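can you look at this prediction? I've put the sequence above it.
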Amino acid sequence: MRRLRERGIYKTPDGREFVARAGILGNYLLYSLRGGASLFPALAVDVTGRVVAASQPTRWLADELVDTGRTLREVFATTPCY
């Protein structure tokens, strides 16, 4: 599976942007940048590289996420990294 940068900002094929955080299970959690910081991830990337939303696989793979080259400078203090 492709490694994502911690706090890296990635764009999905539909144009939405998310910040990546490493999970403790070898997965990644993707938090929306739209509408302010969220306590809960909007998407996840499982250990097989599949992007998942609401526990359901999407049609996307981690390889399809575009690294914008930007990095979130501040970490959400209340964001859990499961």
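That came in fine, so what should we check first? Worth saying up front: this structure is predicted, and the values here are computed from it rather than measured.

so which bits of stretch 61-78 are buried?
Neighbour-count burial for stretch 61-78 flags Leu61, Ala62, Leu65, Leu72, Phe76 (criterion: 16 or more other C-beta atoms under 10 Å). No exception for glycine: its C-beta is placed from N, CA and C like everyone else's.

which residues touch the residue sitting nearest the centre point of the chain?
A centroid search over the chain (C-alpha atoms, centre = their mean) returns Leu30, at 2.1 Å, as the residue closest to the centre. By C-beta atoms under 8 Å, 6 or more residues apart in numbering, the residues touching Leu30 are Tyr10, Phe18, Val19, Ala20, Arg21, Pro41, Ala42, Leu43, Ala44, Val45, Val51.

try Asn27
Contacts of Asn27 by C-beta under 8 Å, 6+ apart are Ala44, Val45, Asp46, Val47.

quick revisit: make TSV out of the buried residues of stretch 61-78 and add pLDDT and distance to Arg3.
Shown next, in TSV, are the buried residues of stretch 61-78 (pLDDT from 0 to 100; distance: C-beta to C-beta, whole Å):
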residue	pLDDT	distance to Arg3
Leu61	97	14
Ala62	97	9
Leu65	98	11
Leu72	92	17
Phe76	57	21
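
so which of those residues are in strands?
Among the buried residues of stretch 61-78, the members falling in strands are Leu61 (criterion: DSSP state E).
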